[in-house]
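*Asks:* Give me a 3D structure for the following:
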Amino acid sequence: MTTELEHMIAGELYNAADPQLSAMRERAHALCDAYNHSSETDVQLRSKIQSEVLPHMGARGYIAGPLYLDYGDFVTIGEDFYANFDLTILDVCPVTIGNKVMFGPHACIVTPIHPMRWQDRNIRKAADGSDFDYEHGAPITIGDNCWLASNVTVTGGVTIGEGCVIGAGSVVTHDIPANSFAAGVPCKVIRPITEADALPMPHRVPER
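*Replies:* Next comes the predicted model:
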């Protein structure tokens, strides 16, 4: 028999009040709470919590906090990830983030989708008297070398190609092709990012 977890990951309608899923969320929320109440100077503790709540995160990742996750188990993040304050990832479907991705403050990566009709969306009563609802989701993919500026929301089913910049306050509801500057509500491609955008970089800091 297919479990509610398997239905959820497949993007199918699932019972969000399923005991297994509830326990997984409670664990993730407790770990996030511990992370959010830790000091950023306590690097060892933060690293330990981060590895527990985000087990599929690459090396040299930094999350300023606070951090909010539904599960964490269904998030894959590449190396050299940076997230500024107040990162939210709701991973009822897989979230895949590439290498060297940067998030500004208040980034919100949300895979859940609730039914449009209230008749399908509203809370229901199970035979045992408990409350539950049906919802579903769609995966999100963010390619290598992307920068999401402050207050960007990415919704379920979206793929952002590598090398993109998403402008502040954008709500990304459709795919964005690689190497694009996109912004707005809903987010739209403004123009490609080209060599004309190159800056005269200083060399004050020795590099390898």
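*Asks:* pLDDT wise, what is residue 208 at?
*Replies:* As predicted, residue 208 sits at a pLDDT of 87.
*Asks:* Can you report how many residues lie near it?
*Replies:* By other CB atoms under 10 Å, 2 other residues sit near residue 208. In short, each C-beta sits where N, CA and C put it, glycine included.
*Asks:* Who are the packing partners of the helix ranked longest in the chain?
*Replies:* As assigned by DSSP state H, the longest helix anywhere in the chain is helix 19-36. For helix 19-36, the elements it packs on are helix 4-9, helix 43-53, strand 67-69, judged by 3 or more CB pairs under 8 Å, 6 or more residues apart in numbering; DSSP states H and E.
*Asks:* Now name the helix or strand holding residue 115.
*Replies:* For residue 115, there is no helix or strand it lies in under DSSP states H and E.
*Asks:* Could you find the closest non-adjacent residue to it?
*Replies:* Leaving aside its chain neighbours, residue 115 sits nearest to residue 121 (4.3 Å; criterion: CB to CB, 6 or more residues apart in numbering).
*Asks:* Who are the contact partners of the one you found?
*Replies:* Residues near residue 121 by CB atoms under 8 Å, 6 or more residues apart in numbering: 114, 115, 133, 134, 135.
*Asks:* how far away is the third one from residue 65?
*Replies:* To residue 65, residue 133 is 30 Å away according to CB to CB, to the nearest Å.
*Asks:* okay, those two: which has more neighbours?
*Replies:* Set residue 133 next to residue 65 and count neighbours by other CB under 10 Å: residue 65 wins out with 21 against 16.
*Asks:* Is it correct that that one is in contact with residue 88?
*Replies:* No: counting by CB atoms under 8 Å, residue 65 stays clear of residue 88, with 11.6 Å between them.
*Asks:* Give me the common contacts of those two.
*Replies:* Contacts common to residue 65 and residue 88, judged by CB under 8 Å, 6+ apart, are absent.
*Asks:* isn't residue 77 right up against residue 61?
*Replies:* Yes: with contacts counted by CB under 8 Å, residue 77 reaches residue 61, the gap being 6.2 Å.
*Asks:* list residues touching both of these two?
*Replies:* With CB under 8 Å, 6+ apart, residue 77 and residue 61 have common neighbours residue 54.
*Asks:* quick revisit: now which of the contacts of residue 121 would you call buried?
*Replies:* 133, 134, 135 (16 or more other CB atoms under 10 Å).
*Asks:* Go through those and say which is closest to residue 54.
*Replies:* Of all these, residue 54 sits closest to residue 135, with 22.8 Å by CB to CB.
*Asks:* That closest one and residue 122, how far apart?
*Replies:* Residue 135 is 11 Å from residue 122, by CB to CB.
*Asks:* hang on, the earlier thing: how about TSV for the buried ones among the contacts of residue 121, with secondary structure, pLDDT and distance to residue 10 added?
*Replies:* TSV is the format used below for the buried ones among the contacts of residue 121 (DSSP: H, G, I helix; E, B strand; the rest coil; pLDDT from 0 to 100; distance: CB to CB, whole Å):
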residue	secondary structure	pLDDT	distance to residue 10
133	coil	96	18
134	strand	97	14
135	strand	97	13
